[in-house]
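In: the following block contains a protein sequence and its predicted model.
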Amino acid sequence: MKTLRVSQPFGTTNVQVQPLARRRPSLGGLRVAILDNGKPNADVLLGRVAELLVERAGAGPVAVWRKPGSSHPATVIDEVAAAADVALTGSAD
Amino acid sequence: MLGTDAFVSLGQAAARALGMPNLQLTTVPHPIGGIDPKVVRAKAETIVDRVIAALTRDPATPTTAAPEAAVVVDAPADLDAFQDFAVAEGWSDGLPVLPPTEERVARLLGRLAQRREEVVATLAPRRGIATLEAIAVNAALAGALPEHLPVIVAAVRAVAEPRFNLYAIQTTTHPCTPLLIVNGPLGGRLGISGGANALGQGHRANAVIGRGLRLCLQNVGGARPGREDRATLGHGGKFSYCLAENEAESPWPSLHVERGFGAGESCVTVCGAEAPHNVNDHGSTTAEALCLALAGTAATTGSNNVYLGGEPLVILGPEHAATLAASGWSKADVRRALWERARVRLERFSRENRERFAVIDPARFKDRPLTDEVALCTDAMDIMVIVAGGPGKHSAVVPTFGATRSVTVLIE
């Protein structure tokens, strides 16, 4: 087959792989943050999961933050990180 | 991170772009929105064990970042076989593309070749680096000519401005895409149509410039249809969406002059736009009369602008613009009149939507009587007004995404 040399159209990215925080073996007594992404019923899903983390794994207390709207970036990530040990957030719908 | 299974590809892409490809994403069956909260709570019960596991077990360490694709690759020389290749590799928008050979890319870049590595912008959601060369490769795929490249480069620069909110535009379920509005003498020199059928087929410059930007957004920005680009339906402008303002037939200052540029300068404005909705008015002979049809078309319950604000666009056909100007109206008068008349009664929104919008925009939706009305957007001066099109008694209303601001930049 005759071929052409063509340039791929993706370019490159500037993504650097980040280390994730070490997990703790138990959630007992850990502060839980909910970062509500603003989508309908995201608060219900995230809130119920957090309740169950308290009931079944002894986590708590739970605090809630909300994005300024689902279509806007979260501006409170540093605040959430400082105030919680684990965080639950939503992606998309 | 929690989500629904239908949107898992977007969550994964977000994690990758943040450099956390091993972040655990736990999903429930789609949807969670628009259903009884009791059902959502029941869905939460099904994932709690997985969430606990994700929070108490260290994730696997990613060995290395995904290798970058080779810069230059071999592709079939046969044009039909090349289409199969381009679709399989995810380079194409579905229409035939032209091979971005090194010769064609070099021709597009011309004297910019010395600056080929220059970074124009970083494009969401992938954080793809749009160098002049990467833009030129996509312009080559789109069939653009060298003289079109500066417009595409300017548009790439514009969409990456933070106030445009490209991440949301690229990934939303809403059918928006950047509409390019070209102002100034360059539009005429390049043959960018602002006349008859300007938003339709038949204008090479409009087609390839709009498409060049779209392919940059898909390929460099990484918004692949059905994966990161989550549009529920999309619209035809997602192939290409570009026109010039018909400055010669406009009775008013053009868009770029309103925004502080000189009439002799050439600019491109990007706005995150839906498809145009036609306004047919063959009867009205005064501004007051014509405004009824314009406002009636603009005031719709399902528009993002009505609850998110932003800048709805009104494209006035030259004959409609002449009717408005003959009544002595300026562009500001058109904006004010539309804002006063393009209103939706609160009773036309469902209770669930009123409750949702009251959280998003309490000033306009919270604790208001159902007989109150809301305007098509937050502020009259947010309405964008341009003149375009050919002979005929038609205009168009173009709702926008809402959580975005249009951006005008100089074409260099």
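Out: Perfect, thanks for sending it.
In: going forward, measure contacts between C-alpha atoms and count neighbours the same way
Out: Will do.
In: quick check: end-to-end length of stretch B:344-352?
Out: In stretch B:344-352, first residue to last residue: 16 Å (Cα to Cα, to the nearest Å).
In: now what about that stretch, what contacts it?
Out: Contacts with stretch B:344-352, where a contact means Cα atoms under 8 Å, 6 or more residues apart in numbering or on different chains, come from B:299-301, B:354, B:365, B:369-376.
In: go again using 7 Å as the cut-off
Out: Outside of stretch B:344-352, the residues within contact range by Cα atoms under 7 Å, 6 or more residues apart in numbering or on different chains are B:299, B:300, B:301, B:370, B:371, B:372, B:373, B:374, B:375.
In: may I see the buried residues of that stretch?
Out: Residues of stretch B:344-352 classed as buried: B:344, B:345, B:346, B:349 (neighbour count, 16 or more other Cα atoms under 10 Å in any protein chain shown).
In: and the last one, what's its pLDDT?
Out: Here the pLDDT value assigned to residue B:349 is 97.
In: for chain A, what spans make up the helices?
Out: Assigned by DSSP state H, chain A shows helices spanning A:42-57, A:77-83.
In: with respect to residue A:12, which of the ones you listed lies nearest?
Out: Residue A:12 sits nearest to helix A:77-83 of all the helices of chain A, at 26.9 Å, using Cα to Cα.
In: now do that closest one, average pLDDT.
Out: 94.
In: and that helix, what does it pack onto?
Out: On a contact count with 3 or more Cα pairs under 7 Å, 6 or more residues apart in numbering or on different chains; DSSP states H and E, helix A:77-83 meets no helix or strand.
In: please point out which parts of it sit buried.
Out: Neighbour counts using 16+ other Cα under 10 Å place residue A:80 of helix A:77-83 among the buried residues.
In: can you give me phi and psi for residue 22?
Out: Went with chain A since none was named. Main-chain torsions, residue A:22, degrees, to the nearest 10: phi -70, psi 140.
In: nope, chain B
Out: Dihedral angles for residue B:22 - degrees, to the nearest 10 - are phi -100, psi 10.
In: tell me where the stretch 101-250 of chain B has strands.
Out: In the stretch 101-250 of chain B, the strands defined using DSSP state E, counting those that start in this stretch lie at B:119-123, B:128-131, B:177-183, B:242-244.
In: out of those strands, which is closest to chain A?
Out: Chain A lies closest to strand B:128-131 among the strands of the stretch 101-250 of chain B, at 4.4 Å (Cα to the nearest Cα).
In: tell me how many other residues crowd residue B:283.
Out: Neighbourhood size, residue B:283 [other Cα atoms under 10 Å in any protein chain shown]: 9.
In: three-state assignment of it?
Out: What DSSP: H, G, I helix; E, B strand; the rest coil gives for residue B:283 is coil.
In: low-scoring stretches of chain B, by residue?
Out: Applying pLDDT under 70 to chain B flags residues B:63-70.
In: if we can go back for a sec, just the buried residues of stretch B:344-352: which are in strands?
Out: Of the buried residues of stretch B:344-352, the ones assigned to strands by DSSP state E are B:344, B:345.
In: among the buried residues of stretch B:344-352, which one sits closest to chain A?
Out: Of those, the one sitting nearest to chain A (Cα to the nearest Cα) turns out to be residue B:349, at 16.0 Å.
In: could you check the distance from that closest one over to residue B:302?
Out: 9 Å.
In: then residue A:54?
Out: Using Cα to Cα, residue A:54 is found at 39 Å from residue B:302.
In: more neighbours: these two, which one.
Out: residue A:54 (20 against 9).
In: skipping its backbone neighbours, what lies nearest that one in space?
Out: residue A:60 (5.6 Å; Cα to Cα, 6 or more residues apart in numbering or on different chains).
In: now do the contacts for that neighbour.
Out: Counting by Cα under 7 Å, 6+ apart, residue A:60 makes contact with A:29, A:30, A:31, A:32, A:54.
In: got the residues of chain A near chain B?
Out: Residues of chain A lying close to chain B by Cα under 7 Å from any Cα of the partner chain are A:1-18, A:22-26, A:40-41, A:44-45, A:48-49, A:52, A:69, A:71, A:88-93.
In: next step: those restricted to strands.
Out: If you go by DSSP E, the residues of chain A next to chain B have A:3, A:4, A:5, A:6, A:7, A:12, A:13, A:88, A:89 in strands.
In: which of the residues you listed count as buried?
Out: By neighbour count, with 16+ other Cα under 10 Å, those hold A:4, A:5, A:6, A:7, A:12, A:13, A:88, A:89 as buried.
In: next one: the last one from residue B:1, what distance?
Out: Put plainly, it is residue A:89. In this view, residue A:89 and residue B:1 are 5 Å apart by Cα to Cα.
In: coming back round to it: and the ones in strands among the residues of chain A next to chain B, which two are the farthest apart?
Out: A:3 and A:88 (49.9 Å).
In: number of residues surrounding the residue nearest to residue B:234 when sequence neighbours are not counted?
Out: Nearest non-adjacent residue to residue B:234, counting by Cα to Cα, 6+ apart: residue B:175, 4.2 Å away. Neighbour count for residue B:175, taken as other Cα under 10 Å: 24.
In: contacting residues for residue B:175?
Out: B:231, B:233, B:234, B:235, B:274.
In: quick one, phi psi at the third one?
Out: In this case it means residue B:234. Main-chain torsions, residue B:234, degrees, to the nearest 10: phi 70, psi -170.
In: got it, and the first one?
Out: In terms of degrees, to the nearest 10, the main-chain angles of residue B:231 are phi -50, psi 130.
In: quick one on the thing from earlier: list buried residues within the residues of chain A next to chain B.
Out: Here, 16+ other Cα under 10 Å leaves A:4-13, A:15, A:17, A:23, A:40-41, A:44-45, A:48-49, A:52, A:69, A:71, A:88-93 buried among the residues of chain A next to chain B.
In: now do the same contact list for residue B:76.
Out: Per Cα under 7 Å, 6+ apart, neighbours of residue B:76: A:1, A:2, A:3, A:4, B:82.
In: how many other residues sit next to residue B:34?
Out: If we define neighbours as other Cα under 10 Å, then residue B:34 has 11 of them.
In: once you drop chain neighbours, what's closest to it?
Out: Leaving aside its sequence neighbours, residue B:34 sits nearest to residue A:40 (Cα to Cα, 6+ apart; 7.0 Å).
In: who in the stretch 51-200 of chain B is up against chain A?
Out: Contacts of the stretch 51-200 of chain B with chain A, taken as Cα under 7 Å from any Cα, map to B:55-58, B:65, B:68, B:71-77, B:91, B:99-102, B:127-130, B:134, B:137-138, B:168.
In: which residue, neighbours along the chain excluded, lies closest to residue A:27?
Out: Leaving out its chain neighbours, the residue that sits closest to residue A:27 by Cα to Cα, 6+ apart is residue A:59, at 5.1 Å.
In: is that neighbour in contact with residue A:30, as I believe?
Out: Yes - counting by Cα atoms under 7 Å, residue A:30 is a contact partner of residue A:59 at 5.1 Å.
In: quickly list what residue B:386 is bridged to.
Out: Beta-bridge partners for residue B:386, by DSSP bridges, are residue B:315.
In: my guess is it meets residue B:318, correct?
Out: No - at 9.7 Å, residue B:386 does not count as touching residue B:318 under the criterion of Cα under 7 Å.
In: which one's more surrounded, these two?
Out: Set residue B:386 next to residue B:318 and count neighbours by other Cα under 10 Å: residue B:318 wins out with 26 against 22.
In: scan chain B for its longest helix.
Out: Longest helix of chain B, by residue count under DSSP H: helix B:37-56.
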